[in-house]
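Peer 1: Pasting a predicted model and its sequence here:
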Amino acid sequence: MSTLTIRLPEDKHARLKSLAKQRHMSVNKLMEEVSTIVLTEFDAEMRFRARAAKGNPKEGLKLLDKLDDGS
């Protein structure tokens, strides 16, 4: 496992400590969970962009029109 040192304003650090305490976890565990969420969102966006790059805009618009029509 790696160690990462980050610099945060004191007030933000205090808020993170408070949040971690409220969730009954360490700040370390909280940051691990936050990083997992951010990386998951990033991966989903990259998959979407890759699929969109392969797609056909005209076919995509036809599908959206079907949704608008309720078909």
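Peer 2: That came through, no problem. Residues are numbered from 1 along each chain as shown.
Peer 1: So in this structure, which helix runs the longest?
Peer 2: helix 27-54 (DSSP state H).
Peer 1: what packs against it?
Peer 2: Packing partners of helix 27-54 (3 or more C-beta pairs under 8 Å, 6 or more residues apart in numbering; DSSP states H and E): helix 10-22. (C-beta placed from N, C-alpha, C; glycine too.)
Peer 1: Now do the helix it packs on and helix 27-54, the angle between them.
Peer 2: 100 degrees (axes from the mean of the first three to the mean of the last three C-alpha atoms, to 10 degrees).
Peer 1: Show me what helix 10-22 packs onto, helices and strands only.
Peer 2: helix 27-54.
Peer 1: starting at the chain centroid, how far to the helix it packs on?
Peer 2: 4 Å (C-alpha atoms, centre = their mean, to the nearest Å).
Peer 1: sorry, back to before: now the element after the longest helix of the chain, going C-ward?
Peer 2: Using DSSP states H and E, the helix or strand that directly follows helix 27-54 along the chain is helix 57-69.
Peer 1: ok now that following helix, how far from the chain's centre?
Peer 2: With C-alpha atoms, centre = their mean, you get 27 Å for helix 57-69.
Peer 1: same check, this time on stretch 22-29
Peer 2: 19 Å.
Peer 1: Can you give me the end-to-end span of it?
Peer 2: 13 Å (C-alpha to C-alpha, to the nearest Å).
Peer 1: try stretch 44-63
Peer 2: With C-alpha to C-alpha, one end of stretch 44-63 sits 21 Å from the other.
Peer 1: lowest average confidence, helix or strand, in this protein?
Peer 2: One helix or strand of the chain scores below all others by mean pLDDT, DSSP states H and E: helix 57-69, with a mean of 86.
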